[in-house]
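Student: My questions concern the predicted model and sequence given below.
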There are 2 protein chains.
Amino acid sequence: MAQGSWIRRMFEEGAELKERYGPENVSDLSLGNPVVEPPAEFHRELKRLAENPPAGMHRYMSNAGYAETRAAVAAQLERETGIPFTGDDIVMTCGAAGALNVVLKAILNQGDEVIIFAPYFPEYVGYIENHGGVARVLATDEHFVPRLDTLEGVLGAKTRAVVINSPNNPTGVVYRQDFIRELGGLLRDRSAHLGRQIFLISDEAYRRIIYDGIEYPYIWPHYRESLVVSSHSKDLSLPGERIGYIAANPACHQRQELVAGFIHCNRILGYVNAPALMQHLVGRLQSVTVNVADYQKKRDFLFRYLVEMGYSVVKPGGAFYMFPRSPAADDVAFVRELQRHLVLTVPGSGFGTPGYFRIAYCVDDRTLEGSLDGLRRAAREFMG
Amino acid sequence: MAQGSWIRRMFEEGAELKERYGPENVSDLSLGNPVVEPPAEFHRELKRLAENPPAGMHRYMSNAGYAETRAAVAAQLERETGIPFTGDDIVMTCGAAGALNVVLKAILNQGDEVIIFAPYFPEYVGYIENHGGVARVLATDEHFVPRLDTLEGVLGAKTRAVVINSPNNPTGVVYRQDFIRELGGLLRDRSAHLGRQIFLISDEAYRRIIYDGIEYPYIWPHYRESLVVSSHSKDLSLPGERIGYIAANPACHQRQELVAGFIHCNRILGYVNAPALMQHLVGRLQSVTVNVADYQKKRDFLFRYLVEMGYSVVKPGGAFYMFPRSPAADDVAFVRELQRHLVLTVPGSGFGTPGYFRIAYCVDDRTLEGSLDGLRRAAREFMG
């Protein structure tokens, strides 16, 4: 809980600093709250619906979501992957957080283990524990990629799922095709050996925020027992609207029962259904994405300066985070030092990985430029 | 789980019947999914926001919700009750279902008991169990009002909360002022005696759907440790949008820590925050309600005919449900019989109270009129 709250703690402390020093003097790089507005197509569709609201637009629908929205998500996944998804593989959810909770509630028995890799999105641990699971945290290599040999030793009779997140929060790393293929192979072998269904859950909230023309390596062809949780918080810049989905591999064992379980859990966890109006909207916007080139420019800008300042940082291939090594051994102390320079970040300790800190660069250019001075000064203090 | 799914099962079976016989030939009285559209003020505000979207309208905000929305909810509660609520007493949630889950997560320890009264909204049991609680179900009297003598005997060292729901789903009963006062007195005495904080949780999703000029009896003056969970699903006819709130009694013991706990649980349960756009809207519509006279007319119409047909039914004072006694001893069999007459209702077994069935009359007049013949025929078959 103390860990999980670092991001929000920095956000709240930031609000105080802004009040004291004026918001224009504080560089808030603490929260993945994109400053980018939703695309023009979103505003156009919202206006269209507001002007001619179809009857019953705000009523309950199936707990799975609107059939049209589910079909639209499936069609987009088919366009991207060539795999014949249908609406029956999709459940609309209250964001990716809702999606992951629903999946975990549906698949976990008391004491089941879920493997996650540090650095990880800190809420994962709480979500797993919400549903009686046990989080097993494994370290990653120097590029923040999971070590498959470590994973192999840990997959066992209690493992129910492995969660990956690519592009990654907090590192921005995008896993490579080879890695995904090997991961799928390993899970196939081990689950056959153990006689146990082990799910690969891929958190793809940042799938469309990807740079340098990388082709996104999908998990679907590499492992049948695979589930994607995602949202439109980042690709349509709608984080406050809580609109996301679960997609199940059409080839998954007992796919129909599994999806029925998700629909059931969407209800019994109190989500009931994904917000209706947003379902209407995102169903029409599946092929639309915010301007990713904007984020790439911000990444290039920040990365260049961080390297120049002497920070050690893995160049991110997606999302809008960087995870530099903390120049001070104590990452919390370093983040506090940055705070004194009115630059807000989050200590790596908040992501299960002390010795680093996270920068969220989904901010306007002025804020990003304004942060450079503080980042430089703080670095100098510790790098000598 | 089998119990809880009766409502949805009837809804899904109804969809099949509609496909087979044509929707115009099926009277679907199974789901509290109001056919009434949101008020004109809602559409006007939505249009205004769509035409001039303020910057950042869809971003994350505090997990508690927008300060303006919380203040607006507080101001409305103050107007209604005279009690000086502030935004700090309010947490915006994903509907009343989200609100109740957040409250239970925050206040329950493993094994704590939560008392509910049959007939009850069936999801309550699941929500309590989601968070390690144990549901204790108590019967009500012949008017569906909780028996305080029974309650007194059950309040004990494991009781953490008592949940009431007025106007009630599924009975439509509105508890009287006297009852609320006595309930508050009993809880005060027993919690003092037990040295234990016992919360009174009032589910007020239907507070504004109230008939015959009844004054709504608020819990606030009668018990300090009181919490309201509510939503705008019914009063603004937005059930698919998942927008609701928790209100804590300003006089509640450790109110600040309690609300902080709710905000925390809103995050860790994966709700994160109530949908942003809907928060903007309902913040401006706190004094607006759908046309309740419409619902009252439907109640009067249906009640008159049911009595005429020989059904035994308590006249509801609010919400949009009736809970007649089943003419057959087996309520499930009777509901199946109604289904054969293409009238869809829900057996009382789904609400922990066999021997009754629920009619949701939040439908258009044609559907309500269309149901009379089937209701009459089925009654005749069993009443002889």
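Tutor: Yes, it's here. Numbers count the residues shown, from 1 in each chain, chains lettered A, B, ... in the order given.
Student: What parts of the stretch 251-384 of chain A come near chain B?
Tutor: Residues of the stretch 251-384 of chain A that fall close to chain B, judged by C-beta under 8 Å from any C-beta of the partner chain: A:264, A:267-278. The way it works is simple: take the backbone N, C-alpha and C, and place the C-beta from them, glycine included.
Student: Kindly recompute the last result at 7 Å.
Tutor: Residues of the stretch 251-384 of chain A lying close to chain B by C-beta under 7 Å from any C-beta of the partner chain are A:268-273, A:275-278.
Student: Strands of the stretch 1-150 of chain A, residue ranges please.
Tutor: For the stretch 1-150 of chain A, the strands defined by DSSP state E, counting those that start in this stretch occupy A:27-28, A:90-93, A:113-117, A:134-138.
Student: wait, which of these is closest to residue B:165?
Tutor: Residue B:165 lies closest, by C-beta to C-beta, to one member of these: strand A:90-93, at 26.4 Å.
Student: need the contact list for residue A:194.
Tutor: Shown in contact with residue A:194 (C-beta atoms under 7 Å, 6 or more residues apart in numbering or on different chains): residue A:157.
Student: For it, grab phi and psi.
Tutor: Dihedral pair for residue A:194: phi -80, psi -10, per degrees, to the nearest 10.
Student: per-residue confidence at residue A:209?
Tutor: What the model reports as pLDDT for residue A:209 is 97.
Student: now do residue A:281
Tutor: Predicted confidence (pLDDT) for residue A:281: 98.
Student: Check the gap between it and residue A:209 for me.
Tutor: Applying C-beta to C-beta, to the nearest Å, the value for residue A:281 to residue A:209 is 19 Å.
Student: Helices along chain A, start to end?
Tutor: Assignment of helices within chain A using DSSP state H yields the ranges A:6-21, A:40-51, A:67-81, A:95-107, A:123-130, A:148-154, A:177-194, A:255-268, A:276-283, A:292-309, A:331-340, A:365-383.
Student: avg pLDDT for the last one?
Tutor: So the one you mean is helix A:365-383. On average, helix A:365-383 scores 95.
Student: residue of the stretch 251-384 of chain A with the smallest distance to chain B?
Tutor: At 3.0 Å from chain B, residue A:276 is the closest residue in the stretch 251-384 of chain A, using C-beta to the nearest C-beta.
Student: can you list the strands of the stretch 1-150 of chain A in JSON lines and add mean neighbour count, distance to residue A:238 and mean pLDDT?
Tutor: Putting the strands of the stretch 1-150 of chain A into JSON lines (neighbours: other C-beta atoms under 10 Å in any protein chain shown; distance: least, C-beta to C-beta, whole Å; pLDDT from 0 to 100) gives the following:
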{"stretch": "strand A:27-28", "mean neighbour count": "24", "distance to residue A:238": "20", "mean pLDDT": "94"}
{"stretch": "strand A:90-93", "mean neighbour count": "30", "distance to residue A:238": "13", "mean pLDDT": "98"}
{"stretch": "strand A:113-117", "mean neighbour count": "24", "distance to residue A:238": "25", "mean pLDDT": "98"}
{"stretch": "strand A:134-138", "mean neighbour count": "16", "distance to residue A:238": "28", "mean pLDDT": "98"}
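Student: want to throw those strands into TSV with distance to chain B?
Tutor: As requested, these are arranged in TSV below (distance: least, C-beta to the nearest C-beta, whole Å):
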stretch	distance to chain B
strand A:27-28	12
strand A:90-93	9
strand A:113-117	15
strand A:134-138	13
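Student: which one of those lies closest to residue B:142?
Tutor: When the strands of the stretch 1-150 of chain A are compared by C-beta to C-beta, strand A:90-93 sits nearest residue B:142, at 42.2 Å.
Student: Which elements pack onto the closest one?
Tutor: For strand A:90-93, the elements it packs on are helix A:67-81, strand A:244-248, helix A:255-268, judged by 3 or more C-beta pairs under 7 Å, 6 or more residues apart in numbering or on different chains; DSSP states H and E.
Student: Output that strand as CSV, restricted to C-alpha atoms.
Tutor: Provided in CSV are the C-alpha atoms of strand A:90-93 (Å, rounded to 0.1, in the frame of the first residue of the first chain):
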residue,chain,number,x,y,z
ILE,A,90,-14.2,-9.2,-26.2
VAL,A,91,-15.6,-7.8,-22.9
MET,A,92,-15.8,-4.1,-22.5
THR,A,93,-14.5,-2.9,-19.1
